[in-house]
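Student: Sequence isn't available, so here's the structure alone:
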Ligand SMILES: [Zn+2]
């Protein structure tokens, strides 16, 4: 093992000055290792851009990816097989601020230590609730080497010693461009390039690090620049996205035995990097897709149950307000359209829209404010409140698409209720229903014009 480590350190000194050495393509090097002489290696599991997606809604098979309960199970199963595993997050666990978002933030902050994350970078979205998010719930791995924020203490570097004696040092850097109002919030951020020029060498020396890795939150261009300018950095795990709905994961940029690895959107996949420490240095990458074949980790259940309970409380609070709004509701339900549009109403009753609330109830989502909106009529705008208060406004009814019908039922002479593809896309979003096509779907529920 000693011997091997020495060789590996030799490789590293090369890696730090790659221009002085010529490398074979890593695939050729990797192929030299036979079964018996498998080089010692360690594994990095990485995530990022979770964007509050703590559990998939199950709205469609095509969108059934991700979630922390599956993530926890997948991490566990890698740890059972591999001795040296580092688990990292590249930031943007959160999305924006809302009452329910706060509950999810708490869930995530408590889930990180349960999944034994070694380090999590703070992305700009993670500042939605101020410093308390980073201080809460006993996760000690928040990293932001180039950022200062009163009230939150971030680590500069996290050093993890592997069983082989190798020390991996993780630095976390954030692009200041993502914080246009930084000074207003009392946040100060050093440009990543400046930080690395001035402090990388001493950080690595003081912490006696063998392999420096970087968690980076910013543009791909910047990540590429860092990879080019700082040969000492071997692995960059990058977070942040400008297109959170994008379904296609970004493949890594690999240059010889170094690389940039981009976190997938909305926690759909975990990235796995295998770093070989043998004579033949190599980085291998694969995606672990968190689909329905992965069962939820039971360790995550109590936390998730607590989240659900709090979400239900929030729902009830909203209900109280909703009951008052109901008294002046502009919604009248499909029943009221019956006298004049009988054929359309009977046709609608046979569609899945007419059962959307039952579907939700069978999934336990009917008390979740984040589910209800698309499965009922007029939620949050004076319509559906909850089953017991407004039984007549469950499901996706006429007024979900045509708008409140009180005035129209009283006087049908004025124009009312234009609906089109845009209307559908309020609910059939890219993330909830990726295969939505107006032409095909409208065919299934076509009415009117007769
Ligand atoms: Zn971001």
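Tutor: Everything's here; your move. Small disclaimer: the values here were computed from a predicted structure and weren't measured. Numbers count the residues shown, from 1 in each chain.

Student: When you work out contacts or count neighbours from here on, use the C-alpha atoms and nothing else.
Tutor: OK.

Student: Residue 392 - nearest residue in space that isn't next to it in sequence?
Tutor: Spatial nearest neighbour of residue 392, chain neighbours left out: residue 333 (6.1 Å); criterion: C-alpha to C-alpha, 6 or more residues apart in numbering.

Student: Helix or strand next in line after the lowest-mean-pLDDT helix or strand in the chain, which one?
Tutor: Lowest mean confidence among the helices and strands of the chain (mean pLDDT, DSSP states H and E): helix 26-32, at a mean of 36. Toward the C-terminus, helix 26-32 is succeeded by strand 41-47 as the next helix or strand (DSSP states H and E).

Student: which residues are contacting that next one?
Tutor: 75, 82-90, 237, 263-264, 267, 269-278 (C-alpha atoms under 8 Å, 6 or more residues apart in numbering).

Student: Which ones among those residues lie within strands?
Tutor: Secondary structure from DSSP state E places 85-89, 237, 269-276 of the contacts of strand 41-47 in strands.

Student: Of these - the most surrounded one?
Tutor: With neighbours taken as other C-alpha atoms under 10 Å, the top of the ones in strands among the contacts of strand 41-47 is residue 89, carrying 30 neighbours.

Student: need the contact list for that residue.
Tutor: For residue 89, the contact set (C-alpha under 8 Å, 6+ apart) comprises 46-48, 117, 119-121, 215.

Student: Determine which two of the ones in strands among the contacts of strand 41-47 are furthest apart.
Tutor: Greatest spatial distance in those: 269 and 276, 22.2 Å, computed using C-alpha to C-alpha.

Student: how far away is the closest residue to residue 47 other than its chain neighbours from residue 232?
Tutor: Spatial nearest neighbour of residue 47, excluding adjacent residues (C-alpha to C-alpha, 6+ apart): residue 89 at 4.7 Å. According to C-alpha to C-alpha, to the nearest Å, residue 89 stands 21 Å off from residue 232.

Student: now residue 432: how far from residue 99?
Tutor: From residue 432 over to residue 99 (counting by C-alpha to C-alpha), the distance is 22 Å.

Student: Residue 261 belongs to a strand, doesn't it?
Tutor: Yes - according to DSSP: H, G, I helix; E, B strand; the rest coil, the state of residue 261 is that of a strand.

Student: Let me see the contact set for the residue in the chain positioned nearest to the ion.
Tutor: With C-alpha to the ion, the shortest gap between the chain and the ion falls at residue 240, namely 3.8 Å. Taking C-alpha under 8 Å, 6+ apart, we find residue 240 in contact with 48-49, 90-92, 123, 217-219, 263.

Student: okay, the residues you listed in JSON lines with distance to the ion, neighbour count and pLDDT next?
Tutor: Formatted as JSON lines, these follow (distance: C-alpha to the ion, whole Å; neighbours: other C-alpha atoms under 10 Å; pLDDT from 0 to 100):
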{"residue": "48", "distance to the ion": "9", "neighbour count": "32", "pLDDT": "98"}
{"residue": "49", "distance to the ion": "7", "neighbour count": "28", "pLDDT": "97"}
{"residue": "90", "distance to the ion": "9", "neighbour count": "31", "pLDDT": "98"}
{"residue": "91", "distance to the ion": "7", "neighbour count": "31", "pLDDT": "97"}
{"residue": "92", "distance to the ion": "5", "neighbour count": "27", "pLDDT": "97"}
{"residue": "123", "distance to the ion": "5", "neighbour count": "27", "pLDDT": "94"}
{"residue": "217", "distance to the ion": "6", "neighbour count": "32", "pLDDT": "98"}
{"residue": "218", "distance to the ion": "7", "neighbour count": "23", "pLDDT": "97"}
{"residue": "219", "distance to the ion": "9", "neighbour count": "17", "pLDDT": "95"}
{"residue": "263", "distance to the ion": "11", "neighbour count": "29", "pLDDT": "98"}
